[in-house]
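In: Sequence and computational prediction follow.
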Amino acid sequence: MIEKLHLAIAQATAPLEARHAERMRCARGCHACCVDELTVFAVEADLIQRHHAELLETEAPGPEGACAFLDADGACRIYAHRPYVCRTQGLPLRWVEEQDGEAVELRDICPLNAEGEPLAALEPADCWTLGAAEQHLARIQAAFEPETPQRRVALRALFKPSGS
């Protein structure tokens, strides 16, 4: 189920990536958003463990401070199986929050991709809207681990401890 969600996200983000191609600086080796603090639902951690068991067993994580899955050149070693959060980074993002009892739309983009049309001028359809995909991911996690439906895993924690 998680792989189907990742495929659906890839299909949904493709037009946004094309629409914003001139502003997007995201490319192999760009890793400004690839930080150590990222956690993923256990269902996504399981996907990584299933597809990258040898990497997790035999290789060391990347340097602390950056994502554990970056190689020496700053490229993702699990790119084909990267988590949801990594699949939408760099795109113009929008979401709605309640502030003082009112719904307020907020927007953000990686500073490296900020050049170009101002975020506020973009149509909502020209942004990745946070909410629906995250809810779908949470439902998949709840089905995967009903006893711990909110359990998250630090990406660095997936690596076998050195000396083990």
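Out: Arrived safely, thanks for sending.
In: So, low pLDDT: which residues of the protein?
Out: Where the chain drops to pLDDT under 70, the residues are 163-164.
In: 90 instead?
Out: Where the chain drops to pLDDT under 90, the residues are 25-38, 63, 72-74, 112, 161-164.
In: quick one: the helices in it?
Out: Here the chain has its helices, by DSSP state H, at 2-19, 42-51, 53-58, 84-88, 132-144.
In: Dump these to CSV, plus mean neighbour count and distance to His31.
Out: No exception for glycine: its C-beta is placed from N, CA and C like everyone else's. Shown next, in CSV, are the helices of the chain (neighbours: other CB atoms under 10 Å; distance: least, CB to CB, whole Å):
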stretch, mean neighbour count, distance to His31
helix 2-19, 14, 18
helix 42-51, 18, 17
helix 53-58, 12, 17
helix 84-88, 18, 10
helix 132-144, 15, 22
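In: Pick out the residue closest to the middle of this structure.
Out: Val85 (1.5 Å; CA atoms, centre = their mean).
In: wait, that one sits on Glu37?
Out: No. Contact criterion CB atoms under 8 Å: Val85 and Glu37 do not qualify, at 10.9 Å.
In: Please work out how many residues are found near Cys33.
Out: A count of neighbours around Cys33, defined by other CB atoms under 10 Å, yields 15.
In: check contacts around it.
Out: By CB atoms under 8 Å, 6 or more residues apart in numbering, the residues touching Cys33 are 89-90, 110.
In: try 7 Å
Out: Going by CB atoms under 7 Å, 6 or more residues apart in numbering, Cys33 touches 89, 110.
In: Quickly list what's touching both of Val85 and Glu37.
Out: Joint contacts of Val85 and Glu37 (CB under 7 Å, 6+ apart) do not exist.
In: For the residue nearest to the residue nearest to the centre of the chain when sequence neighbours are not counted, give its distance to Pro124.
Out: Nearest residue to Val85, sequence neighbours excluded (CB to CB, 6 or more residues apart in numbering): Leu38, at 6.3 Å. The spacing between Leu38 and Pro124, counted by CB to CB, to the nearest Å, is 26 Å.
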